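model this:
(one chain, ligands or ions: 1)
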Amino acid sequence: MSDALAEHIEYLSLPGRNALFRRAIAAVLKPGGLAADLGCGVGVLGLFCLEAGAGKVWGIDSSDAIHLAREVMTKAGMAGRYKCISGSTFRTELPEQVDLIICDHVGFFGFDYGIIGMMRDARRRFLKPGGTMIPQSLDLMVAGVSSDACLAKAAGWAQEIVPPPYRWLDELSRNVRYSHQLSPDDLIAAPVALGHVDLADTNTDFYRFEAMLTATRAGRFDGVAGWFDCHLAGDVRMTNNPLSPDSIQRSQAFLPASQSFAVEAGDQIGVSIRFRADDMMISWTIQPPHGAPRQQMSTFKSTVISPADLVKQPDRALALSHEGKARAFVLAQVDGERTGAAITAKVLAEWPDMLPTEEAIRDFVTSVLAHHCAL
Ligand SMILES: C[S@@+](CC[C@H](N)C(=O)[O-])C[C@H]1O[C@@H](n2cnc3c(N)ncnc32)[C@H](O)[C@@H]1O
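A predicted model of the protein is given here:
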């Protein structure tokens, strides 16, 4: 829970963000309208909807923050009008359709926190015909970066201080999307528009945008910065543009070059960015000037493949892991009669070596029951 407190105070404290969402809500919400607050966290966007006259809000969040939201609404006397649902929006069914869906899944680059897929799914299943969304669209911007701090993130695994057996991870870490609070001095090529994402568009599954950057000074080109200019609703826009006095001061995305390179003022650097509507993978290429080889990066190349990923292969027969068997065993003891203490006692009696210690078994049983049981 302390993680949720630390995370959500950051969102609530971003300069100007709350006021922008309030203005956007006022621009589109009709009195008594119903709203769905997607990834509601502690429920602040839904709270703004209620304060602006919404009849009811459905708040959905898959993290512990939903329990804070529930508590907040109860203490504020709004529990009757703010209904909390614990779980993923993708797995949630609402008992009624709503007039407004709202969320701040805008991430650092606009699209990089899954907003396109989340809004698309919610729009299809939760929104009344003619209903409204906040936000409505994203304008994506890119610029060239020359920054020791950004390079230190991308090249962290190549440092002397890192023991040699780990240094090969440098190759992977050049394929990570980082976040960084950039200052104007960090930019070596001026911002240009990259592309537009209409969040009401249900047809585009794959986005590919290209831009040409021009170096404004000589120096080392470390990668590409990406940020958003997001249309919330009405005439209200929200940006994290590091050059704008109106920025909400959320960090920007930094997409490194696999190899930094030198540029002169006026040099042109080609950039292309590709991503899908339904996952978080980002691929980018950087074409340095003067015919140097094109650099191709992708977050896919930094993904660590775990045994869980093999499960997705369609032709492999599957068996339960040790943890899977243990989980199934615990759940099989839940019969609507036994208490948690009785279930724990039964598991300890019937499978005493399920885990190395009795304490570990008790913890495991508690966590399985907490995840899968209702009172
Ligand atoms: C950026 S925070 C925004 C919180 C709050 N709406 C605000 O604007 O301050 C995103 C929240 O969405 C939740 N989340 C992410 N993906 C989700 C999903 N598919 N279903 C439900 N909640 C999700 C996270 O747990 C997190 O609390």
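
A253 in helix, strand or coil?
strand (DSSP: H, G, I helix; E, B strand; the rest coil).

For it, give me its contacts.
For A253, the contact set (Cβ atoms under 8 Å, 6 or more residues apart in numbering) comprises G107, F108, F109, D112, R177, Y178, S179, A225, G226, W227. For every residue, glycine as well, the C-beta is placed using N, CA and C.

Please tell me I have it right and the fifth one contacts Q252.
Read that as R177. No. Applying Cβ atoms under 8 Å as the test, R177 and Q252 come out as separate, 10.7 Å apart.

Run through the residues of the stretch 51-200 of the chain sitting next to the ligand.
By Cβ under 6 Å from any ligand atom, the residues of the stretch 51-200 of the chain that approach the ligand are I60, D61, S62, S63, A65, S88, T89, F90, D104, M118.

Just the buried residues of these.
I60, D61, S63, A65, T89, D104, M118 (16 or more other Cβ atoms under 10 Å).

Among those residues, name the ones in strands.
I60, D61 (DSSP state E).

ok, and the helix or strand in the chain with the lowest average confidence?
helix 307-310 (a mean of 74; mean pLDDT, DSSP states H and E).

All the strands of the stretch 151-300 of the chain, residue numbers only.
178-180, 187-198, 206-214, 219-233, 236-239, 252-263, 268-276, 282-287, 295-298 (DSSP state E, counting those that start in this stretch).

is the fourth one up against the ligand anywhere?
No. Counting by Cβ under 6 Å from any ligand atom, the ligand has no neighbours in strand 219-233; the shortest distance is 11.7 Å.

helices or strands up against the helix or strand harbouring A6?
Using DSSP states H and E, A6 falls within helix 2-13. For helix 2-13, the elements it packs on are helix 44-51, helix 65-75, judged by 3 or more Cβ pairs under 8 Å, 6 or more residues apart in numbering; DSSP states H and E.

looking at those, which is buried most?
helix 44-51 (a mean of 23; mean count of other Cβ atoms under 10 Å).

coming back round to it: restricting to C-alpha, output the helix holding A6 in PDB.
Output of helix 2-13 as PDB, limited to C-alpha atoms (Å, rounded to 0.1, in the frame of the first residue of the first chain):
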ATOM      1  CA  SER A   2       2.900   2.400   0.700                       C
ATOM      2  CA  ASP A   3       3.900   1.900  -2.900                       C
ATOM      3  CA  ALA A   4       0.500   3.100  -4.000                       C
ATOM      4  CA  LEU A   5       0.800   6.100  -1.800                       C
ATOM      5  CA  ALA A   6       4.200   7.000  -3.200                       C
ATOM      6  CA  GLU A   7       3.100   6.400  -6.800                       C
ATOM      7  CA  HIS A   8      -0.200   8.300  -6.700                       C
ATOM      8  CA  ILE A   9       1.000  11.400  -5.000                       C
ATOM      9  CA  GLU A  10       3.300  11.900  -8.000                       C
ATOM     10  CA  TYR A  11       0.300  12.000 -10.400                       C
ATOM     11  CA  LEU A  12      -1.700  14.200  -8.100                       C
ATOM     12  CA  SER A  13       1.300  16.700  -7.700                       C
END
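
Could you look up the SS state of R327?
helix.

Residue numbering should commence at 31 henceforth.
Sure, I'll start numbering at 31, so the last one becomes R357.

Was I right to think it contacts V398?
Yes. With contacts counted by Cβ under 8 Å, R357 reaches V398, the gap being 5.5 Å.

Run through the residues that contact I373.
Here I373 is in contact with V360, Q363, V364, V395, L399 (Cβ under 8 Å, 6+ apart).

what do you get for T269?
W257, F258, D259, C260, D276, S277, I278 are the contacts of T269 under Cβ under 8 Å, 6+ apart.
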